[in-house]
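Visitor: could you look at this predicted model? Sequence included:
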Amino acid sequence: MSLALAAIASTTTAADAQDTERRRIDIAAATLPDAIAELSQEASVSIGTEGSLPRTRTRTVKGRMTIREALARLLAGSGYTARQVSRTAWRIERAPAAKSSRTPEGRTPASPPPAEAAQPIVVSASKRDRRLDDVAMALSVVRLSDLHRFNPGSDTASIAGEIEGLSLTALGPGRNRMFLRGVADSPFNGESQSTVAVVLDDARVTYSAPDPDIRLVDVDRVEVVKGPQGSLYGTGALGGTYHIVTRRADPDATEFTASAGTEISASGDAGYSASAVANLPLAPGQAGLRLVGYAAREPGWIDTGERRDANSARLLGARGTIGINAGEHWRLDLTGFIQLLDSRDSQYVYAPGAHSRPEQLAEPHDNDMRHISGRLARQGGDIDIVLSSGMTWHEVGSTYDATLGAESFGLADPQLLEDERQYRVWDSELRLSGKAGSWDWLFGLSHVRARQNFRWVLSSPASELVIDDDRRRTADSAAFGDLTIPLGGEFRLNLGARLFHSSVTETRLLPSGLETDRHSRTGMTPSLALAWRPQAGRLVYLRYGSAFRQGGSDIGAHGELVTLKSDELAIIEAGWRETLGDGGQLELGIYHGWWENMQSDLLLSNGLIETENVGDARITGAEVSLDQPLAPGWKLRAGASYTMAKLVHNTLGFELGDRHLPVVPEYVLRGALAYAFPVGRADASLRLQLRYLAPSRLSFDPALDRPMGKLLESRIEGTLAISGFEASLAVSNLLDRKADSFAFGNPMRFSAARQYTPQDPLAVSLAVLKRF
């Protein structure tokens, strides 16, 4: 379900440069540049600086106040002051030394310098904190409004509805595959490494697993980096990265926020949700503890025989973080996270637009993730140092009705297919960054160990049969670097490279028994970008990026173990990113990619899923996005994308016909119009959001291909905030459309009948939030 995530900020109504409007401000403790960037984003104003700001830490700034008052609190003691230069622009300058205000005789006072159109967003997806207009790559950032930041329903699908290029399958919560910019290998959850790396703060949490659908409770922002990121993130990041940045513990603030909500589905039952976030100083100014908890029951709407609304889901999550300021710019963060997501049944049907299906066995799904991480960082000196390590345990289990389609395995009276998967990812990294004169540099060492156990068990009332068993161990060690060189004339050259050694040990169940295959590869994945910044707030760039994915194993035609070729993706992209007047932003991008020896998880006629090399693909696309305040109180967000992704040659080199890569729509259009206005002492807003996904295909394989798509998503939401209390009322899928979002659900039954997944039905939701 797509949620409206963009924060709606009121706009000053005065025609001159006077700052008189008091508004609700909530800026967490951070480094001074990050806090200024967050204020700029939250209040939709442009804040320029005179040189670089010191990376001193600020205190939390919260309450109703003017922009001038908020800036004064953030800049207190820093040696800087803020000056308003237009209705929506401010400039931060060094505070003048105390002296006589008299102007020397005969000298004209200097004119105030022009405001610099500063980019309000600071990102860390490039492995160090940088302003967005300094990052020469395709990157989308979504910050959540308060109500959605505390809503357990804020998920990956809601992020996809706010940006261009992010596509998902629709098997259900915790089952979906994620694709970026058309880099889509398969709609089926097989054994191949994911093309998008999911990163939680500094740690990679997925390697081969489907999207864990981490709920975005108490998350500061999500950064989606598009295109191959092999030079920074290593093997498997063919499509890009999905980077979740959580809010860190604040040693200075005592906070408690609670939220609750309910949702009623027009074609199903009711659900509920609740969350709580607490921040406690353990030692004021030195150490803090942040605790997050959330739970939800998500309504079902698919009737299976006599079981009404069978596909409901339950969610339970918690996160705890300790932050310690160790002095001399050092900080230690320790994090523990758990999320348990259970669905009672699947959500596919056998007729287009239906919300019911004949009686069959229940198909529950379970997706449980546990994660711990540590981060020791020194930021603010000549050289920034970050040492991080994270360990993730991820269990995914699915059950399928196998009373049809499993006859070929020779088990009498088959009933259920149990798909059991265990994933482990240990990601560790050391990186250093700084400046050498006018050159920016980054150097790092990385080591990732990943393990996956994949087991399919077919059961009957009397016995069970293991029909697939795959155990894979992967180790990846790398040294990587990134260098930005000024060329003069506002041009910069960015060079990146990653030298890696990757090894895979895989044990497969063959007709002759278990057999093990080992293979490794050493290589380098480079990146290159040329950026031009003709003026503040404008960036034009041309970039080359690449990534590779280690080959797995396949079972050959004669039952032998066959090693697959590694696949490699290279993309050339051009982009234009510009900060507009009144704090708006425009971004344009075009790209073309070459995908060689593509690996894909294929559904076999007996229902098993095997990985194979299928040939070469070509991907061409374009994107545009606009975020622009209009008249006072009004804000427009819009975007469009076009993607042509096709398999063009088979493994023998023969040219293929119209073979579209799976899931990705040919084009997507979205738009949202918001209006913020006062109601007495309260702040109110209305937001209407629409998104259209063009037709897409299930597979490039003619035997598996099915048409799907033509989805129109819609949502209208109203909010009200006063004195620490906020409430929202929203209606989604306003027209109660039932288009097919995904033409697959059960591998055993796929050949027996067409499968459809209808859109989530019309639903009404109410949420309330209270700060204490």
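Guide: Received, thanks. Everything numeric in this text was worked out from a predicted model, so none of it was measured. Numbering: from 1, shown residues only.
Visitor: so where's this structure uncertain?
Guide: Within the chain, the ranges that satisfy pLDDT under 70 run 1-20, 50-52, 55, 85-88, 96-120.
Visitor: partner residues bridging the spatially most central residue of it?
Guide: The centroid of the chain falls nearest to Y242 when counting by Cα atoms, centre = their mean (3.6 Å). In this entry, Y242 is beta-bridged to V198, V224, by DSSP bridges.
Visitor: which element follows the strand or helix carrying L530 toward the C-terminus?
Guide: Assigned by DSSP states H and E, L530 belongs to strand 513-532. Sequence order places strand 538-549 as the next helix or strand after strand 513-532, per DSSP H and E.
Visitor: so what secondary structure elements neighbour that following strand?
Guide: helix 230-233, strand 513-532, strand 567-579 (3 or more Cβ pairs under 8 Å, 6 or more residues apart in numbering; DSSP states H and E). (Each C-beta comes from the backbone N, C-alpha and C, glycine too.)
Visitor: contacting residues around the residue nearest to Y423 when sequence neighbours are not counted?
Guide: Nearest non-adjacent residue to Y423, counting by Cβ to Cβ, 6 or more residues apart in numbering: H394, 4.1 Å away. H394 makes contact with V205, T206, A209, P212, N367, D368, M369, R370, Q422, Y423, R424, V425, according to Cβ atoms under 8 Å, 6 or more residues apart in numbering.
Visitor: just send the helices and strands packed on strand 538-549 back as TSV, with distance to S312 and mean neighbour count too.
Guide: Shown next, in TSV, are those (distance: least, Cβ to Cβ, whole Å; neighbours: other Cβ atoms under 10 Å):
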stretch	distance to S312	mean neighbour count
helix 230-233	36	26
strand 513-532	39	16
strand 567-579	38	21
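Visitor: can you give me the helices in the protein?
Guide: Using DSSP state H, the helices found in the chain span residues 32-43, 67-75, 146-149, 156-160, 230-233.
Visitor: dump the helices and strands packed on strand 538-549 to JSON lines, plus distance to R472.
Guide: Converted to JSON lines, these look like this (distance: least, Cβ to Cβ, whole Å):
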{"stretch": "helix 230-233", "distance to R472": "20"}
{"stretch": "strand 513-532", "distance to R472": "10"}
{"stretch": "strand 567-579", "distance to R472": "16"}
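Visitor: right, and these - which one's nearest G745?
Guide: For G745, the closest of the helices and strands packed on strand 538-549 is strand 567-579, at 27.3 Å, according to Cβ to Cβ.
Visitor: Y675 contacts L686, doesn't it?
Guide: Yes - with contact defined as Cβ atoms under 8 Å, Y675 reaches L686; the gap is 5.1 Å.
Visitor: buried ones in the lengthiest strand in the chain, by neighbour count?
Guide: Secondary structure of the chain per DSSP state E: the longest strand is strand 464-488. Neighbour-count burial for strand 464-488, counted by 16 or more other Cβ atoms under 10 Å, picks out 467-468, 470-478, 480-482, 484.
Visitor: quick one: the residue nearest to the centre of the chain from A76, how far?
Guide: Using Cβ to Cβ, to the nearest Å, Y242 is found at 37 Å from A76.
Visitor: before we move on, what about V196?
Guide: 42 Å.
Visitor: quick one, which of those two is more surrounded?
Guide: Shown here are V196 and A76; by other Cβ atoms under 10 Å, V196 has more neighbours (25 against 11).
Visitor: list the contacts of the more buried one.
Guide: By Cβ under 8 Å, 6+ apart, the contact set of V196 is M178, F179, L180, V183, D211, A237, G239, G240, T241, Y242.
Visitor: returning to what we had before: buried deepest among the helices of the chain, which one?
Guide: For the helices of the chain, ranked by mean neighbour count under the definition mean count of other Cβ atoms under 10 Å, the leader is helix 230-233 at a mean of 26.
Visitor: contacts for that helix, please.
Guide: Helix 230-233 is contacted by residues 126-127, 197, 199, 204, 237-238, 241, 480, 482, 496-498, 525-527, 545-548 when judged by Cβ under 8 Å, 6+ apart.
Visitor: mind redoing it with 6 Å?
Guide: Here helix 230-233 makes contact (Cβ atoms under 6 Å, 6 or more residues apart in numbering) with K127, A197, T241, G496, A497, R498, T525, S527, S546, A547.
Visitor: please name the bridge partners of the residue nearest to R248 when sequence neighbours are not counted.
Guide: Spatial nearest neighbour of R248, chain neighbours left out: G323 (5.3 Å); criterion: Cβ to Cβ, 6+ apart. Judged by DSSP bridges, the bridge partners of G323 are G288, D333.
Visitor: pretty sure G323 sits against R247.
Guide: No - judged on Cβ atoms under 6 Å, G323 makes no contact with R247 at a distance of 10.3 Å.
Visitor: what residues are shared contacts of these two?
Guide: With Cβ under 6 Å, 6+ apart, G323 and R247 have no common neighbours.
Visitor: find the nearest non-adjacent residue to D384, please.
Guide: S433 (4.8 Å).
Visitor: what's the burial count for W301?
Guide: The local packing of W301 (other Cβ under 10 Å) involves 23 other residues.
Visitor: if I look at A43, how far off is A70?
Guide: As judged by Cβ to Cβ, A43 and A70 stand 8 Å apart.
Visitor: hmm, I typed the wrong one, I wanted I555.
Guide: Taken as Cβ to Cβ, the span from I555 to A70 is 62 Å.
Visitor: repeat that for W426.
Guide: Using Cβ to Cβ, W426 is found at 42 Å from A70.
Visitor: cool, and L604?
Guide: In terms of Cβ to Cβ, L604 sits 60 Å off from A70.
Visitor: just V142 next, same as before
Guide: Distance, V142 to A70, by Cβ to Cβ: 23 Å.
Visitor: which residues does the residue nearest to S273 when sequence neighbours are not counted form a beta bridge with?
Guide: Nearest residue to S273 in three dimensions, chain neighbours excluded: A296, at 3.8 Å (Cβ to Cβ, 6+ apart). Beta bridges link A296 to S273, L315, judged by DSSP bridges.
Visitor: was I right about A296 contacting L315?
Guide: Yes - between A296 and L315 a contact is recorded at 4.3 Å, counting by Cβ under 6 Å.
Visitor: between the two, what contacts are shared?
Guide: Here A296 and L315 have P152 as joint contacts, going by Cβ under 6 Å, 6+ apart.
Visitor: what is the burial count for the nearest residue in space to E298 that is not next to it in sequence?
Guide: Take E298 and drop its neighbours on the chain: the residue closest to it by Cβ to Cβ, 6+ apart is A313, 4.4 Å away. A313 has 23 neighbours, counted by other Cβ under 10 Å.
Visitor: A313 touches P173, doesn't it?
Guide: Yes - assessed by Cβ under 6 Å, A313 is found in contact with P173 at 5.4 Å.
Visitor: what sits against the closest residue to L661 other than its chain neighbours?
Guide: Closest residue in space to L661, ignoring its immediate chain neighbours: A645 at 4.0 Å, by Cβ to Cβ, 6+ apart. Going by Cβ under 6 Å, 6+ apart, A645 touches G182, I619, L661, V664.
Visitor: repeat the analysis, applying 8 Å as the threshold.
Guide: So A645 contacts G182, V183, A184, A617, R618, I619, T620, G621, H660, L661, V664 (Cβ under 8 Å, 6+ apart).
Visitor: dihedrals phi and psi, M137?
Guide: M137 adopts backbone torsions of phi -160, psi 160, taken as degrees, to the nearest 10.
Visitor: ok, now how distant is V679 from H148?
Guide: According to Cβ to Cβ, V679 stands 21 Å off from H148.
Visitor: same question, L580
Guide: Taking Cβ to Cβ, one finds L580 at 25 Å from H148.
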